[in-house]
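Engineer: Task: produce atomic coordinates for the following.
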Amino acid sequence: MAGAAHWQSVPAPAWTPSARTGHTLLYSDSLDAVVVFGGLSAASKHASDCAFCTVKMQSDRSCTGDWQALELRGGKKMPTMCVPRRCYHGSAIVGGHASRLLIFGGEGCDEDGHRVLLNDAWQVCLRSGESDQIQAARGAPPAPRMHHRCAILGGSLCVVGGYRAVGPDKLLACATDALHLLTLCGDGEVCRSREFKSAKACKTGLQRH
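Structural biologist: Below you'll find the predicted structure:
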């Protein structure tokens, strides 16, 4: 059938990211590439590496892929800190020339190596590898969680769902709290305006607070 959808395998190049689960994989318009971040390795170790892959269609309609590692480093505000290792986090990409990967929450490890849920927010410049933590000047961030989803919504980073630790035994339960919005700046390149807002479900849609 002409124009029918079909699957095609892309041959592995000389270098690829290590095998993992619990990572995020997103498409960047400005890089014309897919971007992978973090995850849990085959040895059950949390990761904080970032890489992107460009896929090219050849004249015979076959595809080739080229993976490149992005070396992360501290940004201007926190030059000695990078995004902590994590898996089962949420992420989204803000476009523009300085395309940025936004990351929220997930599962990480504390200083003693115990697994903990996170609720920190970070941004990574996909051109330079600079990373900075986003600290809200107003509003409270969502509770620590993993397996949630993130998206860009009207100039804000939207966080919803996932698993939270509840009760004295910290058992995991599905998050049924509000949808959360982290306000970004207008150009989408640097997160200057930092404010968390929540929205609760109602019969006629979403109400913002």
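Engineer: How many residues are close by residue 80?
Structural biologist: Residues lying near residue 80 (other C-beta atoms under 10 Å) number 6. Heads up, the C-betas are built off the backbone N, CA and C, glycines and all.
Engineer: That one: what secondary structure?
Structural biologist: Under DSSP: H, G, I helix; E, B strand; the rest coil, the three-state class of residue 80 is coil.
Engineer: show me what contacts the nearest residue to it once chain neighbours are set aside?
Structural biologist: The shortest distance from residue 80 to any non-neighbouring residue, by C-beta to C-beta, 6 or more residues apart in numbering, is to residue 74 (5.3 Å). Contact analysis of residue 74 by C-beta atoms under 8 Å, 6 or more residues apart in numbering lists 80, 81, 82, 130, 131, 132.
Engineer: Pull out the buried members of the residues you listed.
Structural biologist: Neighbour-count burial (16 or more other C-beta atoms under 10 Å) is assigned, among the contacts of residue 74, to 82, 130, 131, 132.
Engineer: distance of the third one from residue 46?
Structural biologist: Here the distance between residue 131 and residue 46 works out to 16 Å (C-beta to C-beta, to the nearest Å).
Engineer: residue ranges with poor pLDDT in the protein?
Structural biologist: 1-3, 97-98, 185-209 (pLDDT under 70).
Engineer: tell me the centre residue of the chain?
Structural biologist: residue 91 (1.9 Å; C-alpha atoms, centre = their mean).
Engineer: Good, we can wrap up now.
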